[in-house]
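Chemist: Got a predicted model here, sequence first, then my questions.
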Amino acid sequence: MTDKQNLNAGFTGTPAEQPEGLTKAAKSAADGVTREVYAVASGVRAHPHTASALLLGTGILAFGLGYLLGRSSTESMTGRYWR
């Protein structure tokens, strides 16, 4: 028979061996991202008007940049598709 502790190791969320190599690096990166997301969320919670102004300003800037790039790409291709 198998040992009950080894049988339950995969279902409890705690592996028998500690992660190493790529698994350890991925877990460390995920923990770092989680901490940063919490920091941003708490900052937004504390200053909602500043966060919305930054988001709106970034959106307007990205739209304007995309519009200018789209206009410049069509001006250089005049009449290629219609002749």
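Modeler: That came through, no problem.

Chemist: right, and the helix or strand after the worst-scoring helix or strand of the chain on mean pLDDT?
Modeler: The weakest-scoring helix or strand in the chain, judged by mean pLDDT, DSSP states H and E, is helix 4-8 (a mean of 59). For helix 4-8, the succeeding helix or strand toward the C-terminus, using DSSP states H and E, is helix 22-46.

Chemist: what's that next one packed up against?
Modeler: Helix 22-46 sits against no helix or strand, with contacts defined as 3 or more Cβ pairs under 8 Å, 6 or more residues apart in numbering; DSSP states H and E. No exception for glycine: its C-beta is placed from N, CA and C like everyone else's.

Chemist: remind me which residues of the chain are low pLDDT?
Modeler: 1-16, 74-83 (pLDDT under 70).

Chemist: Select the longest helix from it.
Modeler: If you go by DSSP state H, the chain has its longest helix at helix 48-75.

Chemist: Helix 22-46 and that one, what's the angle between them?
Modeler: Note on geometry: by axes from the mean of the first three to the mean of the last three Cα atoms, to 10 degrees, helix 48-75 and helix 22-46 are set 110 degrees apart in direction.

Chemist: Compute the distance between residue 25 and residue 35, please.
Modeler: Separation of residue 25 from residue 35 (Cβ to Cβ, to the nearest Å) stands at 16 Å.
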